[in-house]
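*Asks:* Structure here, sequence nowhere to be found:
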């Protein structure tokens with residue numbers, strides 16, 4: 001996934017990769033959750049989501065965290081997508097952090113959770129089954145990618161591809177990032193950003209554009225190279241609550257196994 005900060009907001013670009021046996025997801029749906037309007041696709045298996053936004057202009061994105069020695073898996077795992085949905089009503093990144101502290105995280109497989117807000121840095125929360133860590137992200141962290149297939153090599157290839165696109169474009173733009181997410185470098189396969197493997201592939205491409213006026217969600221329910229029509233939907237953003245950043249720039253919490 002990648003993102004683009006703008007003076008009036010931000011944009012998020014996200015390829016979702018899944019097994020071909022996983023049921024298809026529903027497109028982004030406007031749902032009132034505890035009095036907060038939210039917009040997110042719905043996973044076809046567990047009913048959770050991997051990306052979503054709310055009426056406060058806060059967006060959350062979830063990636064599986066493979067590059068970790070997680071030890072024994074949880075005995076009764078809860079879908080990580082359901083965790084994202086439960087956090088989707090938060091008005092600020094601080095509220096997300098507070099809710100995570102109250103969660104029984106031992107029930108979740110490892111994950112990376114990114115938080116976007118109109119007036120704050122991009123935050124990354126990392127759960128490795130023992131420790132919850134967070135830090136602010138910079139442009140030098142682009143792109144963020146994980147893979148169950150030869151993870152470090154795949155991530156290195158995709159970061160090299162990103163640098164190539166960046167150099168060719170002379171910087172970042174929405175057009176450059178869309179092209180990057182549809183890329184087949186070095187070839188259409190496990191290493192390309194638009195991923196194709198025998199048992200898994202990129203199943204959707206999401207583009208969120210968030211300003212103080214609206215959340216605009218463009219969703220392609222297929223791989224970026226598929227030519228499947230893009231669906232568009234919009235959620236008004238209410239005036240933000242007065243807030244200030246209180247999250248320390250970097251911190252970690254240890255949870256009992």
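*Replies:* Sure thing, it's come through. Every value quoted in this text rests on a predicted model; they were computed, and no experiment measured them.
*Asks:* from memory residue 60 sits against residue 86, does it?
*Replies:* No: taking contacts as C-beta atoms under 8 Å, residue 60 lies outside contact range of residue 86: 10.2 Å. For the C-beta atoms, the positions are set from N, CA and C on the backbone; glycine is no exception.
*Asks:* which of these two has more neighbours?
*Replies:* residue 60 (27 against 16; other C-beta atoms under 10 Å).
*Asks:* Need the nearest residue in space to the more buried one, chain neighbours excluded.
*Replies:* Leaving aside its sequence neighbours, residue 60 sits nearest to residue 84 (C-beta to C-beta, 6 or more residues apart in numbering; 5.3 Å).
*Asks:* and residue 207, that one's in a helix?
*Replies:* No: read with DSSP: H, G, I helix; E, B strand; the rest coil, residue 207 is strand and lies in no helix.
*Asks:* what's around it, how many residues?
*Replies:* There are 20 residues near residue 207, going by other C-beta under 10 Å.
*Asks:* From residue 228, how far out is it?
*Replies:* 14 Å (C-beta to C-beta, to the nearest Å).
*Asks:* For stretch 122-129, which outside residues touch it?
*Replies:* With C-beta atoms under 8 Å, 6 or more residues apart in numbering as the contact definition, stretch 122-129 has outside contacts at 3, 5, 10, 65, 68, 70-71, 74, 93, 96-97, 100, 105-106, 108-116, 132-137, 141, 144, 247, 257.
*Asks:* just the strands in the protein please.
*Replies:* Secondary structure of the chain, counting by DSSP state E: strands at 2-6, 9-19, 26-33, 36-42, 51-54, 59-64, 111-116, 122-127, 131-137, 200-211, 214-220, 231-236, 250-254.
*Asks:* Quick check: mean pLDDT of the second one?
*Replies:* Averaging the model's pLDDT scores along strand 9-19 yields 97.
*Asks:* Just the buried residues of that strand, please?
*Replies:* 9-18 (16 or more other C-beta atoms under 10 Å).
*Asks:* what angle separates that strand from strand 200-211?
*Replies:* If you take axes from the mean of the first three to the mean of the last three C-alpha atoms, to 10 degrees, strand 9-19 sits at 160 degrees to strand 200-211.
*Asks:* for strand 9-19, packing partners?
*Replies:* Contact here means 3 or more C-beta pairs under 8 Å, 6 or more residues apart in numbering; DSSP states H and E; on that basis strand 9-19 packs against strand 2-6, strand 51-54, strand 59-64, helix 174-181, strand 200-211.
*Asks:* Tell me which of these sits most buried.
*Replies:* strand 51-54 (a mean of 26; mean count of other C-beta atoms under 10 Å).
*Asks:* Which neighbours in the sheet does that one have, and how are they oriented?
*Replies:* Counting by DSSP bridges, the strands paired with strand 51-54 are strand 36-42 (antiparallel), strand 59-64 (antiparallel).
*Asks:* Tell me which of those strands lies nearest to residue 212.
*Replies:* strand 59-64 (13.6 Å; C-beta to C-beta).
*Asks:* Distance of residue 65 relative to residue 114?
*Replies:* Remark: distance between residue 65 and residue 114 (C-beta to C-beta) = 12 Å.
*Asks:* same check, this time on residue 86
*Replies:* For residue 86, the distance to residue 114 (C-beta to C-beta) stands at 16 Å.
*Asks:* What's the local residue count around the residue nearest to residue 110 when sequence neighbours are not counted?
*Replies:* Counting by C-beta to C-beta, 6+ apart, the nearest residue to residue 110 once its immediate chain neighbours are dropped is residue 65, at 3.6 Å. For residue 65, the neighbour count with other C-beta under 10 Å is 20.
*Asks:* worst-scoring helix or strand of this structure, pLDDT-wise?
*Replies:* Ranking every helix and strand in the chain by mean pLDDT, DSSP states H and E puts strand 250-254 at the bottom, with a mean of 68.
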